[in-house]
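K.L.:
give me coordinates for this.
(chains A and B)
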Amino acid sequence: MKFLYFHRKLLCFVGLSFLGILGLWKGTIEENILALVPQHIKQQVMLFEHSPLSQKLIVITRANSATQAQQVAGEVRDKLLQEGFITLSIPLADKGIFGLVASLPSHFSQQAQTETEQKLSEEAIAKQLDRYYEGLFSFQGMLVTQQMMHDPFGLTEILFRLWGKLGQSVPSLTYQDGFLSDSDGTQVAGLYDTRASVSDISAAQQLQRFFSNLQSALPENTRVFFMGGLRYTLENTSLIKRDLTIITLIGIACLGIVFICFFRSKRALLIYMLPILVLPPAAWITQLVFGHISGITLGFGSVVVGLSVDYAIYIYFALQRTQTDPQETVSKISRHLWCNFLTSGLCFVSLLFSSIEVFKQIAVFALVALSLAFAISVWVFPLYFEKSKNTYSNEKKVELNPLPFKAALVGLVLLLLFGVWGGKNLSINSDLASLNSTSASFAQDRQTAESLFPSTQGALLFSLGKTEEEALQNNERLSAQLPSGLPVSELFSSEFVRQQNQKRWREFWNEERINQAKELLQREAQKKGFSEQAFDSFWTFLQDNDETSAFDFTNWYNPVIKISQGLYAVVNIVPNEDLYAQTAQKAGAVFISASMLQTQLAQSVKKEAIRVVILALVLNLIALGLLLRKVKETVLCFIPVLAGGCFLLGCLALFHISVNLFGLIFLPLLIGLGIDYAIFQLMKYQSKQAAAQLYPTQALIAAGLSTLAGFGVLIFAKHAVLFMMGACALIGIGGTVGVSLFILPAFWEKKA
Amino acid sequence: MKYYLSLLSCLLLTLCWAQEEKNGLDQYARQMDTVQTLQSNFVEEKHLSLLNQPIQSQGTFIFDKKIQSLRWQYQQPFETGFLIEKNNVYRLQGQEKKPVSNAMGRMFISEMVVWLTLDFDKLKKDYSITLNGKEISFVPQSKEHKIIKKITIKLDEKDDRVVTQVKMEEPSGDFILWKFNHTQINPKLPAEAF
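P.N.:
Just a heads-up that it's a prediction; the model follows:
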């Protein structure tokens, strides 16, 4: 009972932590890229994600010659089929040529009627029969026989022409024997439907093994690899697993070193237990607020680990250096702690004003975690830290000599110049794919795929509708407004147009025309020696008009996608031209090109970054102004932020590190941390002799190194997002700590 | 009892016959193993219901088991054909040689190789095979086979390794007849012949 009473406060927070774990257990973790993009381009990214091509398995073959590329691609396709990885779209052979003929009436547009009329001329019939006759002597003669009997006039060529038009939007690609190839034919791509869903990691791993084994058996200078959703799943999952293992191990090792160097006490272990107490409830509350939580937000836990332990570290060192009552010591440094909490918190508050959902999640997550960490550090831990006093207090104090004023000033100016140079040369990577992964082999494969399907050439045009039928009708209207039309609308018509086409077909094939065509065909057929009954099945079809066995082209490619309940879209691949963009805008359709999306994303990200950083600076300036009530001190507190930020910008440019969207999360955080360290130094220099021991330099170094151990180790990650956060942490926090220790004190002293 | 004895006798007789036939096919397969290269002229006759008269074409074929190459060349009335080089397949059109990579074309041609080498192990999976003197018949095990109803191969009276005629019957009643002449077993074939 006594035990429970003594530990009551700690037990309350332990209970809250368990509650958080339980809450998280039932919740969902989302890994959707949509949470990472600004609100106003969310719809475009969502449509892009839903495009039928994104669900396909793309197998790319590179070889020395076009012939070899086609052959290897064919062999790979056969093996993929054999192993059951892909399902080939229902081949025509399944329904025979009859299925195609039966689908003719539904596609009998005005244009198709004109083409049919041309095919019924005496000359055209003679040519067609010549082709069939010659085909009978080829090794595929058996197939020709079937085709000839069911389609004597070659009308199904109209459908193949429509099918062929689908791929004409990307001019540098050619379609041959089921593959898309580049201009010289040495790179070919096969697009397949997989049996597994794109997020099936087990299927992705099996596929990876299949391709690894296959590669070893291929001729020299030939390479085959796969792209598409499954590859992204594989890359992300493998990388995150690898990263988590490596980062955890290195992080524990680094924290161990910090512990050995600065603490060496059982009680101090509590400092590193703090994240376990605060992270689960923080994540749970974030989940309650948003209905779900992003994996990226959880990944941000390592950052909060670094921040949350700072309060406990400051209190721990303050208690080691004084002989007074713990609560009294804590109250002495409470102004500093409150300042720290307020400045860090305000930086996260600025993220709440972002339109990127994951930023908001991170803000809520960090604010809850910091609040809990502050509460535990101030009200719970002092009781435990008090008991471990004498182990460390008598050790020699570590004090670092700051730079003299002139040297500090020169250093500061150099850092500012370095920052200006960095800002000018900094590259921002707004590529959506860069948020997924950066493994070297993947990046190389992606580059190859990009060279084959240059995103600058093609664009996607989405006709929207509340139902499939409405989307198809809207697509037909849009097609009518474009000079070259939309090929998809011709092959995939709405029910309304299909019925019109069928009516047109019936009216066209009236008795008079049938007799006329029969007479012409028989006359030409006799010359070649064909029997009178040779084409009976075609005439029977014309009489019965039985479309039940019609071939459905959606078995090969379905351009209609369901985006959400009550929202459908027809996807068209179109040239990346203004005409399409403008027409789409007028018709209420959505035109998206990868290049346009990249530009929009880059612009939005820059805007978001500027807004969040300015807001964080303004909020902190107001808060510090109110707390310190002295302009000079307030301004000086921003020196580590400014100099640390410049150091970061310069280093990023110097090492050619391209900043992705997630590098920007770090900017407000850097502001918060920089101000925290500045406040620490301010308090130290304001406190004079006796109270100065409450702010030992070890505390600042230990806090900085703990943050780096928890956060900076992310630099060892392969995942682009985690790497970026780690790189910024290591350079930015490192720079900020350095400025706080060596440059800032010179200004305090000068001021004093 | 008599009934069971006669049933047993019938069963034994059937087993003996089946064993004899199996031995015959095995023996024939062993003989075919000695064939490394082949060269022959052929006449192809197509008896199709859509034609009043059968059509005829002529050509040559050469085959080399070691390098897994086959050239099937029509010479009359049109210069067409196909060429197999290991796993690569080409369509021949006049002097042109185009790769075939569509699944159906590849399947058709790999089937041709099975037939030309008379790979019984593979053929037994899909066909019931009957050996009758100098004639071997193949009937698809699947009754719903859309293209082939029956294939009959006639062997040379003097040399079993020489196929003189192949008849392929379709379910529709149409059939194709290949007649082979001037067949040479294991001739020297220069690489450029393919």
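
K.L.:
tell me where chain B has strands.
P.N.:
B:37-47, B:55-64, B:69-76, B:80-85, B:88-93, B:96-99, B:127-132, B:135-140, B:150-155, B:163-169, B:175-185 (DSSP state E).

K.L.:
can I get those strands in CSV including mean neighbour count and mean pLDDT?
P.N.:
Placement of C-beta: from N, CA and C, glycine included. Formatted as CSV, these follow (neighbours: other Cβ atoms under 10 Å in any protein chain shown; pLDDT from 0 to 100):
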stretch, mean neighbour count, mean pLDDT
strand B:37-47, 18, 90
strand B:55-64, 18, 89
strand B:69-76, 18, 87
strand B:80-85, 21, 83
strand B:88-93, 19, 79
strand B:96-99, 14, 78
strand B:127-132, 15, 85
strand B:135-140, 18, 88
strand B:150-155, 18, 89
strand B:163-169, 19, 89
strand B:175-185, 16, 89
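
K.L.:
possible to save those as JSON lines with distance to residue A:19?
P.N.:
Formatted as JSON lines, the strands of chain B follow (distance: least, Cβ to Cβ, whole Å):
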{"stretch": "strand B:37-47", "distance to residue A:19": "81"}
{"stretch": "strand B:55-64", "distance to residue A:19": "77"}
{"stretch": "strand B:69-76", "distance to residue A:19": "74"}
{"stretch": "strand B:80-85", "distance to residue A:19": "71"}
{"stretch": "strand B:88-93", "distance to residue A:19": "66"}
{"stretch": "strand B:96-99", "distance to residue A:19": "66"}
{"stretch": "strand B:127-132", "distance to residue A:19": "70"}
{"stretch": "strand B:135-140", "distance to residue A:19": "69"}
{"stretch": "strand B:150-155", "distance to residue A:19": "76"}
{"stretch": "strand B:163-169", "distance to residue A:19": "77"}
{"stretch": "strand B:175-185", "distance to residue A:19": "79"}
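
K.L.:
distance to chain A added to those strands, as JSON lines?
P.N.:
Below are the strands of chain B laid out as JSON lines (distance: least, Cβ to the nearest Cβ, whole Å):
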{"stretch": "strand B:37-47", "distance to chain A": "6"}
{"stretch": "strand B:55-64", "distance to chain A": "5"}
{"stretch": "strand B:69-76", "distance to chain A": "6"}
{"stretch": "strand B:80-85", "distance to chain A": "5"}
{"stretch": "strand B:88-93", "distance to chain A": "5"}
{"stretch": "strand B:96-99", "distance to chain A": "5"}
{"stretch": "strand B:127-132", "distance to chain A": "17"}
{"stretch": "strand B:135-140", "distance to chain A": "15"}
{"stretch": "strand B:150-155", "distance to chain A": "13"}
{"stretch": "strand B:163-169", "distance to chain A": "9"}
{"stretch": "strand B:175-185", "distance to chain A": "8"}
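
K.L.:
tell me which of these lies nearest to residue A:351.
P.N.:
strand B:96-99 (57.2 Å; Cβ to Cβ).

K.L.:
partners of the closest one in the sheet?
P.N.:
With DSSP bridges as the test, strand B:96-99 is paired with strand B:88-93 (antiparallel).

K.L.:
all strands of the stretch 201-350 of chain A, in order?
P.N.:
With DSSP state E, counting those that start in this stretch, the ranges of strands along the stretch 201-350 of chain A come out as A:223-228, A:293-294.

K.L.:
in its sheet, what does the first one sit against?
P.N.:
According to DSSP bridges, the neighbouring strands of strand A:223-228, each with its direction, are strand A:57-62 (antiparallel).
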